[in-house]
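Colleague: Build the 3D model from these lines:
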Amino acid sequence: MTAVDFGAFVDDLASVSGTAILPFFRTAIAAADKSQAGAPFDPVTEADRAGEAAMRQMIRRTFPSHGIIGEEYGDERTEAEFVWVLDPIDGTKAFISGLPMWGTLIGLLRNGDPCFGMMHQPFTRERFTGDGGSATWRGQSGQRELRTRPCDSLDKAILSCTSPRMFRGEKLEAFERVERETRLARFGCDCYAYCMLAAGLMDLVIETDLKPYDIVALVPIIEGAGGVVTTWTGEPAAKGGSIVAAGDKRLHEKALELLNR
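Modeller: A predicted model of the protein is given here:
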């Protein structure tokens, strides 16, 4: 079975998780703090837990031999050929603030490599999907192919990261070297920034301290749209860490050069 065969199932996962999550949006929902002492605020809500629980139940029932990696409920059978990587709400800070800059990330690994991904935003009714060879946006007005745009220099580029406060020390200095060279920087977009890159509306996303569930679903979307996403050292991005995504390989090379100077 190929990744393409999972498309309808991923659509169902998105619908089920959206049904569980959306009733909590823009309500007086409580948020617990998962962060360690001294670390930045890392919220989790009942919406996060409800969305992931719904997806896990559906995966276990339909594909009992598959593995699961999830933000809220840990790992299962990570040695399996197919492993689902789930982030029910990427952008929980935006979620609890009533801002629609969040999404449900549903990724699929095959033998450790990302082979299919979706970012679902149930409030705006958008679905961004990719399999590494192509990528698609679907919304209320229809659907279209996603393609990154050409951008060969930093002075033409729109850069994004969730927050500059995610960087510390030498990594902050490295990020700022790149930011100073870009045309425009936008913050607070979480997974939406990667999808806007795939849509040809942004050019560069640079982040750090990502977990697999933050990035696995986005890799096939970006690559399917013609972009490139790696670690800061040029390694595969699926394990997370410090990540740089670019719509143009030439821009990616220039960003890596500055980040590692």
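Colleague: make it CA atoms for all contacts and neighbour counts henceforth
Modeller: Will do.
Colleague: Contacts for the one helix or strand K254 maps to next, please.
Modeller: Using DSSP states H and E, K254 maps to helix 249-259. Residues from elsewhere that reach helix 249-259 (Cα atoms under 8 Å, 6 or more residues apart in numbering): 151-154, 171, 174-175, 177-178, 204, 227-228, 232-234, 244-246.
Colleague: can you give me the offset of that helix from its chain's centre?
Modeller: The chain centre lies 20 Å from the centre of helix 249-259; the measure is Cα atoms, centre = their mean, to the nearest Å.
Colleague: Stretch 141-148 now?
Modeller: Worked out by Cα atoms, centre = their mean, stretch 141-148 lies 18 Å from the chain centre.
Colleague: Going by neighbour count, which residues in that stretch are buried?
Modeller: For stretch 141-148, burial by neighbour count (16 or more other Cα atoms under 10 Å) applies to E145, L146, R147, T148.
Colleague: And stretch 168-184, by the same measure?
Modeller: K171, A174, F175, E176, V178, E179, E181, T182.
Colleague: Could you list which of those residues belong to helices?
Modeller: K171, A174, F175, E176, V178, E179, E181 (DSSP state H).
Colleague: What residues does the fifth one make contact with?
Modeller: When the contact criterion is Cα under 8 Å, 6+ apart, the partners of V178 are L154, A255, L258, L259.
Colleague: Could you do R183 as well?
Modeller: By Cα under 8 Å, 6+ apart, the contact list for R183 reads L154, D155, K156, A157, I158, L159.
Colleague: List only buried entries from these.
Modeller: L154, A157, I158, L159.
Colleague: Narrow those residues to those in strands?
Modeller: The members of the buried ones among the contacts of R183 that map onto strands under DSSP state E are I158, L159.
Colleague: Great, nothing more from me.
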